[in-house]
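Asker: Provided below are the primary sequence and the corresponding predicted coordinates.
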Amino acid sequence: MGLTKKKAARKTAKKEKAASASATDVPSLLDKANVLLAQSNFDLAIKFLERALELEPGNLEARELAGVAELEGGDVDRGRAHLLHLFPPHAAANPDSPSPYLYLAQTADGPEEALGYYSTATAMIENALNAKGKGRAGEEDEEELRKMALTAIVAMIEIWMSDLCFEEAASSNCDGLVARALSISPNDPEALMALASIRMSQSKFDDAKEVVLKIYRDMEGRDPFDPMLPPLPVRLQFTRLLLEHGLHMEALDVITTGREEDSLEVESAYLEGWTWHLRAQTLEEAPTQNWADMDDDEEPMNADECYAESLRALLEAAKLFTEQDYPDEGIGSHLQELIGGLQKRGVKPAVHAVEDEGEDDGDVEMS
C-alpha cells in the first residue's frame, strides 16, 4: 500500500509539473498565439510570442509569427525587424516558406524591393505546386497555394502598371506575369481583371472588353451567396471595371449581389448609386436606348427614373458613410457632389427608399 501511494504521489507530481510547463513551454505558447492570431487579438498574441522568444530566441516559428502579429497589429517597423531575423546573418539560411517574403513585399520601401520578394515567393509557390501536381499533397493545400501565387503575381502586375509604368519593359513584363497567373488558374477573376487592365493600358480596348464580358458571364445569374462568386471586394473592383467599359446593366447585376450580401457595405451602396447615375446620363444622351435583357412585358426605365434610383442608393450610402465614420474621403466627397447635383435638379429618391430615417427629401450631412 505504501509503494502504491508513493507511485500515485509521483504521478500526481508529474502531472502538476506538466501542467505548469504547458503554460510556459514554447509549443504551448505558439499554440495559444496561433489561436489569438486567428481571433485577430494581435496585442495578446504578441505577448505570448515575446515570451516564447525569451525562452527560445532562435525559434523561427515564433519569430515569424511575431512579425506577422506586429504587422497585422499596425507596427510595420517591429514586424519587418522580426521577419528580417529569419534571414542570414540572423538565421543559418533563407526561409523555406513563401510567407515571410510575401509579408516583406507588402511592406517594402520601394517597388523594386517589393518585386524581389514577390518574385522569390512566387517561384517557391510554383515549385510547391509542381511537387503537389506529382501527387505529394491534398487538393485543399494545392488550392491555397494557387491563391497565394495569384495574389503575388497580381501584386507584381499592379506594381508594373503603377510605380514602374514608364519603364520600357513594363508592358512585356505584365504580359509575362498575367500569362503565369492564367496558367495557374485560367478562370480566376482577379487574374482576368488584371489581363483586362493590361489590355486597356495597351489601348487594346476591344480585347479588354471581351475579357470583362467573359468574367461577367461567369458571374451572371448566380445567387448572392453562391460560393462560386468571387469575394465581395473582388466584385466591387469588378463593378468599377464594368463601369469603365460603360456596361451599366452588368454592373448593376454584379453590385446587386453585393448589396444583398451586405446591406451595410458603404462602397456597394455608393457604386449602386453611381451606376444608376451613369445609366441616367447615358439615357439622356440616347433616350431610345433600352435595357439589353429586359423582359418583353417591362417598360424601359427613363433617365428620370434612373436618377431617382441613383439618389435613393446615394442617400443610403451617405447615411452609412456617416454612421460608420468611413475612412475613404474620395467616396465621401463624390457622394456629396452627386447628391448635391441631384437635389439641385429637383430629383426625389425612388419611392421604395426608406422613408423613416429622418432624411427629409434627401438632406444628408456628412463629415
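Answerer: Looks like it arrived, so ask away.
Asker: C-alpha from now on. contacts and neighbour counts both.
Answerer: Fine.
Asker: What residues sit buried inside stretch 313-325?
Answerer: Buried positions in stretch 313-325, judged by neighbour count with 16 or more other Cα atoms under 10 Å: 313-322.
Asker: Among those residues, which ones are in helices?
Answerer: The members of those that map onto helices under DSSP state H are 313-322.
Asker: Name the nearest of those relative to D163.
Answerer: Nearest to D163 among those, counting by Cα to Cα, is F321 at 30.3 Å.
Asker: moving C-terminal of the lowest-mean-pLDDT helix or strand in the chain, what's the next helix or strand?
Answerer: Using mean pLDDT, DSSP states H and E, the weakest-scoring helix or strand in the chain turns out to be helix 2-22, at a mean of 45. The helix or strand immediately downstream of helix 2-22 is helix 26-38, counting by DSSP states H and E.
Asker: Tell me which helix or strand comes right after that next one.
Answerer: Once the chain leaves helix 26-38, the next helix or strand it forms, by DSSP H and E, is helix 42-55.
Asker: remind me which residues of the stretch 151-300 of the chain are low pLDDT?
Answerer: 287-298 (pLDDT under 70).
Asker: Recalculate using a threshold of 50.
Answerer: 291-297 (pLDDT under 50).
Asker: E168: neighbour count?
Answerer: Other residues near E168 come to 9 when the count uses other Cα atoms under 10 Å.
Asker: I'd like to know how far it sits from L342.
Answerer: 45 Å (Cα to Cα, to the nearest Å).
Asker: Quick check on N59: phi, psi?
Answerer: phi -70, psi 110 (degrees, to the nearest 10).
Asker: In stretch 243-257, which residues are buried?
Answerer: Per 16+ other Cα under 10 Å, stretch 243-257 contains these buried residues: 243, 246-257.
Asker: now, among those, which is nearest to L236?
Answerer: I255 (6.9 Å).
Asker: for this structure, which residue is closest to the average position?
Answerer: P233 (5.4 Å; Cα atoms, centre = their mean).
Asker: Next, it: secondary structure please.
Answerer: helix (DSSP: H, G, I helix; E, B strand; the rest coil).
Asker: got the contact list for stretch 25-40?
Answerer: Contact partners of stretch 25-40, identified using Cα atoms under 8 Å, 6 or more residues apart in numbering, comprise 22-23, 42, 44-46, 48-49, 51-52, 55-56, 62, 65, 69.
Asker: contacting residues around H334?
Answerer: H334 neighbours (Cα under 8 Å, 6+ apart): none.
Asker: before we move on, what about A308?
Answerer: 347-350.
Asker: ok, now L49?
Answerer: Contacts of L49 (Cα under 8 Å, 6+ apart): 29-30, 33, 62-63, 65-66.
Asker: just the residues you listed now: which is nearest C174?
Answerer: Once Cα to Cα is applied, the member of the contacts of L49 that ends up nearest C174 is L65, at 32.4 Å.
Asker: Nearest residue to that closest one in space, please, no chain neighbours.
Answerer: Among residues not flanking L65 along the chain, L49 sits closest, at 7.3 Å (Cα to Cα, 6 or more residues apart in numbering).
Asker: Can you tell me how far that neighbour is from Y103?
Answerer: Using Cα to Cα, we find L49 at a distance of 18 Å from Y103.
Asker: and stretch 272-290, C-alpha only, in PDB?
Answerer: Output of stretch 272-290 as PDB, limited to C-alpha atoms (Å, rounded to 0.1, in the frame of the first residue of the first chain):
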ATOM      1  CA  GLU A 272     -25.100  51.200 -57.000                       C
ATOM      2  CA  GLY A 273     -25.900  54.900 -56.900                       C
ATOM      3  CA  TRP A 274     -23.100  55.900 -59.200                       C
ATOM      4  CA  THR A 275     -24.100  53.200 -61.700                       C
ATOM      5  CA  TRP A 276     -27.700  54.400 -61.800                       C
ATOM      6  CA  HIS A 277     -26.300  57.900 -62.300                       C
ATOM      7  CA  LEU A 278     -24.200  56.900 -65.200                       C
ATOM      8  CA  ARG A 279     -27.100  55.000 -66.700                       C
ATOM      9  CA  ALA A 280     -29.300  58.100 -66.400                       C
ATOM     10  CA  GLN A 281     -26.700  60.200 -68.200                       C
ATOM     11  CA  THR A 282     -26.400  57.700 -71.000                       C
ATOM     12  CA  LEU A 283     -30.200  57.700 -71.400                       C
ATOM     13  CA  GLU A 284     -30.200  61.500 -71.600                       C
ATOM     14  CA  GLU A 285     -27.800  61.300 -74.400                       C
ATOM     15  CA  ALA A 286     -29.600  58.500 -76.200                       C
ATOM     16  CA  PRO A 287     -33.200  58.400 -74.900                       C
ATOM     17  CA  THR A 288     -34.300  55.500 -77.000                       C
ATOM     18  CA  GLN A 289     -31.700  53.100 -75.600                       C
ATOM     19  CA  ASN A 290     -33.300  50.200 -73.700                       C
END
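Asker: Start at 53, not 1
Answerer: All right, first residue 53 from here; so that's stretch 324-342.
Asker: quick one: contacts of it?
Answerer: 295, 300, 303-304, 307-308, 352-359, 361-366.
Asker: returning to what we had before: who wins for most neighbours among the contacts of stretch 77-92?
Answerer: Highest count within these by other Cα under 10 Å belongs to A121, 28 neighbours.
Asker: so that one makes contact with F100?
Answerer: No. Between A121 and F100 no contact is recorded; they are 10.7 Å apart, counting by Cα atoms under 8 Å.
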